[in-house]
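Q: Give me coordinates for this.
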Amino acid sequence: GVDGNTEHLSGDELERRARPLIEPVLHEEERRAVTVFQDLAGTPRASTDFEEVLLAAVDGRVDKLFYDPREQRWGKLDYTGRAVEVHPERHNGDEDLVDRAAVETVFHGGCVYAVGPEQGALTLGPLAAVFRY
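A: Residues are numbered from 1 along each chain as shown. Okay, the predicted model is just below:
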């Protein structure tokens with residue numbers, strides 16, 4: 001716990017004092033998920049292939065999705081034709097397909113982790129995933 005009487009601390013001060021205590025707990029689930037990805041890397045149950053991960057997210061196959069919050073991939077996703085079109089710059093009617101993968105993963109009950117180089121966990125491109133099957 002936070003030492004001393006916290007009754008008169010502001011919310012910001014209480015958070016500043018508590019953050020070092022709770023930080024390890026907040027990231028434990030992410031560390032376990034990264035370990036699972038690393039254990040399954042090189043098997044059909046994990047991938048860093050952008051199109052494969054995106055389509056698997058749409059299909060509800062992604063259990064754990066890792067994305068780099070600094071990355072964007074503009075394009076279009078044709079659900080029925082299962083086609084992915086990626087553009088180097090945003091075109092009219094495009095969406096951020098990295099965001100689409102995250103939304104689809106959450107919609108289908110998967111977990112999403114924002115993992116950039118500052119976390120030191122994964123540096124595999126915009127998307128990486130552990131598949132359910």
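
Q: Now do the helices in this protein.
A: Using DSSP state H, the helices of the chain run over residues 11-40, 50-59, 97-107.

Q: list the buried ones in the first one?
A: For helix 11-40, the neighbour count (16 or more other Cβ atoms under 10 Å) marks 30, 33-34, 37, 40 as buried. To be clear about C-beta, it is placed using only N, CA and C from the backbone, and glycine gets the same treatment.

Q: so which of the residues you listed comes closest to Pro69?
A: Distance to Pro69, by Cβ to Cβ, is smallest for Glu30 among the buried residues of helix 11-40, at 13.2 Å.

Q: wait, doesn't that closest one sit right on Val115?
A: Yes: counting by Cβ atoms under 8 Å, Glu30 does reach Val115; the two are 7.3 Å apart.

Q: Tell me where the chain is predicted with low confidence.
A: Across the chain, the ranges flagged by pLDDT under 70 are 117-123.

Q: Rebuild the buried residues of helix 11-40 as CSV, extending it with distance to Val53.
A: Formatted as CSV, these follow (distance: Cβ to Cβ, whole Å):
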residue, distance to Val53
Glu30, 18
Ala33, 15
Val34, 16
Phe37, 12
Leu40, 13
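
Q: Which single one of those is nearest to Arg73?
A: Nearest to Arg73, judged by Cβ to Cβ, of those is Phe37 at 19.7 Å.

Q: contacting residues for that closest one?
A: Contacts for Phe37 (Cβ atoms under 8 Å, 6 or more residues apart in numbering) come out as 46, 64, 66, 122, 128-130.
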